[in-house]
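Participant: coordinates only, no sequence provided:
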């Protein structure tokens, strides 16, 4: 991963994740290769016991350059905002030194996430400046293991489209779902619900 | 403001806001006094030029103790998540040392915000653990000066109610709106919209 300014994020990543990101020097040329990385992040977060079964990253759309990564770190950071998508967006914005990843003169960026965004992350996407999102598991897959995904508008994909953001769903869904199921089978904590994620 | 652990937030507050929060030692016994504080935060953020015209805070519902504050700092932090509500929630969670402000054994907490939450902040509220929100201006008031508030579900108040969170709207709305209008009149930047907040 190349960082142009600072890779410091408001949300502290686990050391293994920082090292993994630093070791990625080659661009990710296909959608599937980008999704495989974020599923690996989700899976390793479960294996290492560093958070919930979710991973995300920001890439430059055209070149496949990795700009920022995220895993779910709400427990370790004591911050309920620290979903994988939020962490990845914040890390990428720090890396490029701009709160808008869609600013004039900047290459287009995309968010790749191992699971469809919850209501918060969905709401954060337009403000982030990304122009495309790629999703692995469905929100219903996360709900099937007990998480509350919150209430998004019924036509949330169309709402993102209206704001110039395209959405690709079900990319490597089977592999993404298997991480969720392994987390549940291992007794992973289902945080945030009263109904609560 | 009393902090039980650390008041460090993932989002760096302006120095004037940190000092203002530290100087608040008395509890805020009425809903109106809590709203007046967050409108003052929004107003001072405009006057000092430190961010957008939005302020928020977390209080203990019963005692009125101030737990955390927030102002909009997306430009100064290079982070599009840094809306006032998100900053206040994160600060309060750091202060109590828990990602869940509604955890067992904890007093009930509420979010007070100078403007109704945008789609992101709405989505973040259930995960935060607050049990009530008090809102000043309407989302339509922010949209009237050019901000995009995002697409929340049509029945967003009912969705929060389902999750055990009550909502009070239009508290000191006139005073809250006047801060928005002053920001607009002063040429304040309308960030985040393509349509974008």
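Facilitator: Looks like it came in fine. As the structure is a computational prediction, the values presented were derived from the model and not from experiment.
Participant: out of everything not next to it in sequence, what's closest to residue A:16?
Facilitator: Leaving aside its sequence neighbours, residue A:16 sits nearest to residue A:48 (C-beta to C-beta, 6 or more residues apart in numbering or on different chains; 5.8 Å). Where C-beta positions appear, they are placed from N, C-alpha and C, glycine not excepted.
Participant: what's the burial count for the one you found?
Facilitator: 13 (other C-beta atoms under 10 Å in any protein chain shown).
Participant: with residue A:149 instead?
Facilitator: Neighbour tally, residue A:149, other C-beta under 10 Å: 24.
Participant: buried residues, stretch A:152-172. List them.
Facilitator: A:152, A:153, A:156, A:157, A:159, A:160, A:163, A:165, A:167, A:171, A:172 (16 or more other C-beta atoms under 10 Å in any protein chain shown).
Participant: mark which of those are part of helices, please.
Facilitator: Residues of those located in helices (DSSP state H): A:156, A:157, A:159, A:160.
Participant: looking at those residues, which is nearest residue B:62?
Facilitator: residue A:156 (36.3 Å; C-beta to C-beta).
Participant: wait, the closest one sits on residue A:121?
Facilitator: No. Residue A:156 is not in contact with residue A:121 according to C-beta atoms under 8 Å; the separation is 10.9 Å.
Participant: now do the end-to-end distance for stretch A:158-166.
Facilitator: This stretch, stretch A:158-166, spans 9 Å end to end (C-alpha to C-alpha, to the nearest Å).
Participant: packing partners of the longest helix anywhere in chain A?
Facilitator: Longest helix in chain A, counting residues (DSSP H): helix A:31-47. Judged by 3 or more C-beta pairs under 8 Å, 6 or more residues apart in numbering or on different chains; DSSP states H and E, helix A:31-47 is in contact with helix A:15-22, strand A:55-60, strand A:66-71, helix A:84-96, strand A:109-115, strand A:132-137, helix A:173-185.
Participant: buried sites along it?
Facilitator: The neighbour-count check on helix A:31-47 (16+ other C-beta under 10 Å) flags A:31, A:34-39, A:41-46 as buried.
Participant: same list (the residues you listed) but as JSON lines, adding pLDDT.
Facilitator: Listed next are these as JSON lines, based on pLDDT from 0 to 100:
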{"residue": "A:31", "pLDDT": "98"}
{"residue": "A:34", "pLDDT": "98"}
{"residue": "A:35", "pLDDT": "98"}
{"residue": "A:36", "pLDDT": "98"}
{"residue": "A:37", "pLDDT": "98"}
{"residue": "A:38", "pLDDT": "98"}
{"residue": "A:39", "pLDDT": "98"}
{"residue": "A:41", "pLDDT": "98"}
{"residue": "A:42", "pLDDT": "98"}
{"residue": "A:43", "pLDDT": "98"}
{"residue": "A:44", "pLDDT": "97"}
{"residue": "A:45", "pLDDT": "97"}
{"residue": "A:46", "pLDDT": "97"}
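Participant: correct me if wrong: residue A:132 contacts residue A:108.
Facilitator: Yes. The criterion here is C-beta under 8 Å, and residue A:132 meets it with residue A:108 at 7.5 Å.
Participant: give me the most central residue, chain A.
Facilitator: residue A:56 (2.5 Å; C-alpha atoms, centre = their mean).
Participant: dump the helices and strands packed on helix A:31-47 into TSV; add mean pLDDT as well.
Facilitator: TSV is the format used below for the helices and strands packed on helix A:31-47 (pLDDT from 0 to 100):
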stretch	mean pLDDT
helix A:15-22	94
strand A:55-60	98
strand A:66-71	97
helix A:84-96	97
strand A:109-115	98
strand A:132-137	98
helix A:173-185	97
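Participant: how about the nearest residue to residue A:38, chain neighbours excluded?
Facilitator: Spatial nearest neighbour of residue A:38, excluding adjacent residues (C-beta to C-beta, 6+ apart): residue A:55 at 4.2 Å.
Participant: quick one: the longest helix of chain A to chain centroid distance?
Facilitator: Centroid displacement of helix A:31-47 relative to its chain, using C-alpha atoms, centre = their mean, to the nearest Å, is 10 Å.
Participant: ok, now stretch A:47-61?
Facilitator: Its chain's C-alpha centre lies 6 Å from the corresponding centre of stretch A:47-61 when counted by C-alpha atoms, centre = their mean.
Participant: and that stretch, end to end?
Facilitator: Terminal residues of stretch A:47-61 lie 29 Å apart, using C-alpha to C-alpha.
Participant: then stretch A:100-118?
Facilitator: End-to-end distance of stretch A:100-118 (C-alpha to C-alpha): 21 Å.
Participant: and that stretch with chain B, contact?
Facilitator: Yes. Using C-beta under 8 Å from any C-beta of the partner chain, stretch A:100-118 reaches chain B at A:100, A:102, A:118.
Participant: got the buried residues for stretch A:23-32?
Facilitator: A:28, A:31.
Participant: still on that earlier bit, how many degrees apart are the longest helix of chain A and helix A:15-22 in direction?
Facilitator: Counting by axes from the mean of the first three to the mean of the last three C-alpha atoms, to 10 degrees, helix A:31-47 lies at 160 degrees to helix A:15-22.
Participant: what angle sits between helix A:31-47 and strand A:55-60?
Facilitator: Angle between the axes of helix A:31-47 and strand A:55-60 is 150 degrees (criterion: the same axes, to 10 degrees).
Participant: re earlier: kindly indicate which of the buried residues of stretch A:152-172 lies nearest residue B:75.
Facilitator: When the buried residues of stretch A:152-172 are compared for distance to residue B:75 (C-beta to C-beta), residue A:163 wins out at 20.0 Å.
Participant: tally of neighbours for the closest residue in space to residue A:10 that isn't next to it in sequence?
Facilitator: The shortest distance from residue A:10 to any non-neighbouring residue, by C-beta to C-beta, 6+ apart, is to residue B:10 (3.5 Å). The tally of other residues near residue B:10 (other C-beta under 10 Å) stands at 26.
Participant: please verify my assumption that residue B:10 contacts residue A:11.
Facilitator: Yes. Contact criterion C-beta under 8 Å: residue B:10 and residue A:11 qualify, at 5.9 Å.
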